[in-house]
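[1] Here's my sequence, what's the structure:
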Amino acid sequence: MARQNVTADLVCAKVQKLDHDDYDKQREEQFGNAVNVWGVNNSEIDNNFRSGTLKLIEGRHLKPEDENKDVIHEDLAKANNLTVGSKLTLKGNKYDVDNERQSTEEVTTEIVGLVSGDTPRPATTHNEIFANTVFTDLETTRALYKFTPDNEIYQDANVFISKDADLD
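    The predicted structure follows:
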């Protein structure tokens, strides 16, 4: 299971906010409608699902062959009248330090699943809320930041082996 993290703004949708202001004026202008976008090749085996922190409640998980698909939190869906099958447009956030090309590419995705689950620790900023995390496929994160096989960045990868595997 491989994961690429990017930051993207929601287009025609709004992030979930905390009940207090958590960004100064400049950060609000730069990141006020931004979500964490986690590109994964198989959301079912992502640690958040394996641990039970998040649970798929409708639709399906992301698969390796998916392109422009995503799984979002039920709170984000409810707040924006989105359901499985709805379209969600993401736009690369040029202010993210990892967005080396300052890409503002837009990708329209299809929601294939909804999840529930609470953020494990109290959030101090709205980007820490699970409702503001969008799981998507790797093709989408590559497009949002104009990654190529020569320059793409992965945050982590999990490798699984069978019980009877010969490790030598």
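
[2] what are the ranges of the strands in the chain?
    With DSSP state E, the ranges of strands along the chain come out as 2-11, 34-40, 55-59, 69-73, 87-92, 106-116, 133-136, 156-157.

[3] what would those strands look like in CSV with mean neighbour count?
    Every C-beta, even on glycine, is put in place using the N, C-alpha and C of the backbone. Conversion of the strands of the chain to CSV gives the following (neighbours: other C-beta atoms under 10 Å):
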stretch, mean neighbour count
strand 2-11, 21
strand 34-40, 24
strand 55-59, 14
strand 69-73, 26
strand 87-92, 20
strand 106-116, 19
strand 133-136, 26
strand 156-157, 10
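
[4] among these, which is nearest Phe147?
    Closest to Phe147 of the strands of the chain is strand 2-11 (C-beta to C-beta; 7.4 Å).

[5] who does the lowest-mean-pLDDT helix or strand in the chain touch, helix- and strand-wise?
    Among the secondary structure pieces of the chain, namely its helices and strands, strand 156-157 has the lowest mean (mean pLDDT, DSSP states H and E), a mean of 82. Strand 156-157 makes packing contacts with strand 2-11 when contacts are defined by 3 or more C-beta pairs under 8 Å, 6 or more residues apart in numbering; DSSP states H and E.

[6] Could you list every helix and strand in contact with the strand it packs on?
    Packing partners of strand 2-11 (3+ C-beta pairs under 8 Å, 6+ apart): strand 34-40, strand 87-92, helix 138-145, strand 156-157.

[7] so what strands line up beside that strand?
    strand 34-40 (antiparallel), strand 87-92 (antiparallel), strand 156-157 (antiparallel) (DSSP bridges).

[8] Please tabulate those in TSV, including the columns distance to Lys17.
    Supplementary listing: the strands paired with strand 2-11 in TSV, determined by distance: least, C-beta to C-beta, whole Å:
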stretch	distance to Lys17
strand 34-40	12
strand 87-92	18
strand 156-157	28
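
[9] now for those strands, which one comes closest to Leu114?
    Closest approach to Leu114 among these (C-beta to C-beta): strand 87-92, 11.7 Å.

[10] Output the closest one as CSV, nothing but the C-alphas.
    Once side chains and other backbone atoms are set aside, the C-alpha atoms of strand 87-92 remain, and they are given as CSV (Å, rounded to 0.1, in the frame of the first residue of the first chain):
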residue,chain,number,x,y,z
LYS,A,87,-18.5,14.6,-8.4
LEU,A,88,-15.9,16.5,-6.3
THR,A,89,-13.4,18.8,-7.9
LEU,A,90,-10.0,19.3,-6.3
LYS,A,91,-7.4,22.0,-7.1
GLY,A,92,-3.7,21.8,-6.3
